[in-house]
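In: Everything below, folded, please.
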Amino acid sequence: MLSPLFVTRRRPRLAWALPWALGAALLLGPTALTVAQPRATLPNLGGGVSLTLGDERRLGQQIMPSLHNSGLVVEDPLLNQYLADLWRPVFATARARGDVPDDMLQQFAWQLWLLSPKAINAFALPGGYFGFHLGLLASATDDAALASVLAHELSHVTQRHIARIIQAQESQAPWLIGAMILGAATIAASPDAGAALIVGGQAASIQNQLNFSRDMEQEADRQGLVVLSEAGFDPKGFVRLFETLQNANRLNDDGAFPYLRSHPLTTERVADMQGRLFSVPAEPNPVGDGAVQMPNPDASALLRVRAAVTASADEVDVLQGWSAAPAASGSAGRAIHTVEQWASDYQGALAAWALKRPDVAWTRLRQLMTEAATQSAVSQVLRETALGWLASPAKFEPIPAATVQAWVEAALADAQAGRRSALLLLAGYAASANSTVLDARRAQVVGALRTWLATHPNDALGWQLLARLSAQQGQALVALRAEAEAFVARELWQGALDRLSAAKRLIADAKTRFSEVDIAIIYAREKAVNQAMAFARSERR
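Out: Okay, here's the model as predicted:
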């Protein structure tokens, strides 16, 4: 598999996709009751059954722990960076257009999570939580096609479709909300049991109510198309995505396209989007925050390949096929001229690494780095891949110290410029046993990580890495606080309180005195976490 530090993914026993609101496992039948389910406090919807923004956020907070415990979440800094780079212009445009009002901006989470299944799927949970499957990234033909999914899902949230579904199903509202929460809990507790719940007329009936209506899909399409165009992406990306899904599903209806079930793709939807292309500029026309940088298309091609390899980490035959493909770089004196050749070579290197053939992987990666040296964005992806591999416990021929030092210096410059993937991969390398080359820059890396977390407190992986680095430096109290913050970032409140309680015991038992500031932080964070947990469990009054 890929470096365990930087592709954190536990393959669950069931890899079928989570549909919108995790509602595929629905009302519990008698056989499913053998799985113990946590009791959920549902928002009190009152007579009008209308969800406030706070209600939606609380509902999402009740679902998210089951998602985190499901083993589906992927922590890969490069792929997370890719999603963030696509999301940034889309969200900035929606905000500039007034689609995201101030109260929604402040009350919703706006969190993106990458999930491991190969199925082509994406979903929006109540409260501004979004999930995107590796299969979706791997299948997208270009940035605009993938960004169209982000714009579409964002439009579902900004148009309050979740609240409107519950409003429309007033008599079924408690069942609908319970289906979301209990379905998510069932997947986490027993994926096999969750699969069994799909069958049965009552479950199917509730699923149909959870799926978006044709009007809502059309509204999200139209809104998303405008956002996509004004964000600077090719609006035809919407149509290319539809065509890809339509053609692939026509050839293979084996359940690999759950996105088409929760977001039905009809001929009318495709025709509507094709017709509406005439209402938006033929060329990308970015508005709003002009400083938002767009992803580099060549680097994006490599990252979509990375998604495909990561999603196939358990499929040895597939990996062997990719690894065995001849390298285009350096062959017969021919330099690489196309992004397809870069992507193919990168895929072969990643596949060799996943097959635990590190020397083969390094040979292919370093050859590709030489061939693509003049392409800054591609080189950035390759360099960060190398840093992830350096942090791995895998055994391979040593890389020259001068080469590693050059990678570190370049990545540190990127990190200080605000690139998250470079920072976290550097921090992971610094926390590994192989990082003697980094010793001269270790303090700078830790300082940059602290600065990043001060302005991005919801970065769970960042906090985890700070905890490791702090523990290595003998800063036990700081490490416990960082572990607690990682739980807070995932809204796993009890886990955060457990780590803060451990920090308080350390303070009480310590033979040496901790600083007053560090002690005050622990007690202040415990109070804040208790308040957040109370809000998540509260009913609307």
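In: Do you have the helices of the stretch 201-350 of the chain handy? List them.
Out: 201-210, 214-230, 237-251, 259-262, 267-276, 297-311, 316-324, 339-354 (DSSP state H, counting those that start in this stretch).
In: phi, psi of residue 101?
Out: phi -70, psi 170 (degrees, to the nearest 10).
In: what's the burial count for it?
Out: Each residue near residue 101 was counted by other C-beta atoms under 10 Å, and the total is 11. Every residue, glycine included, has its C-beta placed from N, CA and C.
In: Residue 160 is nearest to which of the helices of the stretch 201-350 of the chain?
Out: Closest of the helices of the stretch 201-350 of the chain to residue 160 is helix 214-230, at 10.1 Å (criterion: C-beta to C-beta).
In: Tell me the helices and strands packed up against the closest one.
Out: helix 77-97, helix 143-158, helix 161-168, helix 237-251, helix 267-276 (3 or more C-beta pairs under 8 Å, 6 or more residues apart in numbering; DSSP states H and E).
In: Quick check: mean pLDDT of that helix?
Out: Averaging pLDDT along helix 214-230 gives 87.
In: CA-only coordinates of that helix, as CSV, when you get a sec.
Out: The C-alpha trace of helix 214-230 is given here as CSV (Å, rounded to 0.1, in the frame of the first residue of the first chain):
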residue,chain,number,x,y,z
ARG,A,214,-36.2,16.0,-10.1
ASP,A,215,-36.9,19.7,-9.4
MET,A,216,-34.1,19.8,-6.8
GLU,A,217,-31.7,18.1,-9.1
GLN,A,218,-32.5,20.6,-11.9
GLU,A,219,-32.2,23.5,-9.5
ALA,A,220,-28.8,22.3,-8.3
ASP,A,221,-27.7,21.7,-11.9
ARG,A,222,-28.7,25.2,-13.0
GLN,A,223,-27.2,26.9,-9.9
GLY,A,224,-24.1,24.8,-10.1
LEU,A,225,-23.6,25.6,-13.8
VAL,A,226,-23.6,29.3,-13.1
VAL,A,227,-21.2,28.9,-10.1
LEU,A,228,-18.9,26.7,-12.2
SER,A,229,-18.7,29.2,-15.0
GLU,A,230,-18.2,32.2,-12.8
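In: So which of the helices and strands packed on helix 214-230 is nearest residue 474?
Out: Closest to residue 474 of the helices and strands packed on helix 214-230 is helix 77-97 (C-beta to C-beta; 26.4 Å).
In: got the buried residues for the next helix or strand after that closest one?
Out: With elements assigned by DSSP states H and E, the helix or strand that comes after helix 77-97 is helix 102-107. Neighbour-count burial for helix 102-107, counted by 16 or more other C-beta atoms under 10 Å, picks out residue 104.
In: Quick one: list the elements packing against helix 102-107.
Out: Checked by 3+ C-beta pairs under 8 Å, 6+ apart, helix 102-107 has helix 53-68 packed alongside it.
In: Of the helices of the stretch 201-350 of the chain, which is nearest residue 450?
Out: helix 297-311 (27.4 Å).
In: hmm, back to that, packed most tightly, which of the helices and strands packed on helix 214-230 would that be?
Out: Of all those, helix 143-158 has the most neighbours on average by mean count of other C-beta atoms under 10 Å, namely a mean of 26.
In: so how far is that helix off the chain centroid?
Out: Centre-to-centre, helix 143-158 and its host chain are 14 Å apart (C-alpha atoms, centre = their mean, to the nearest Å).
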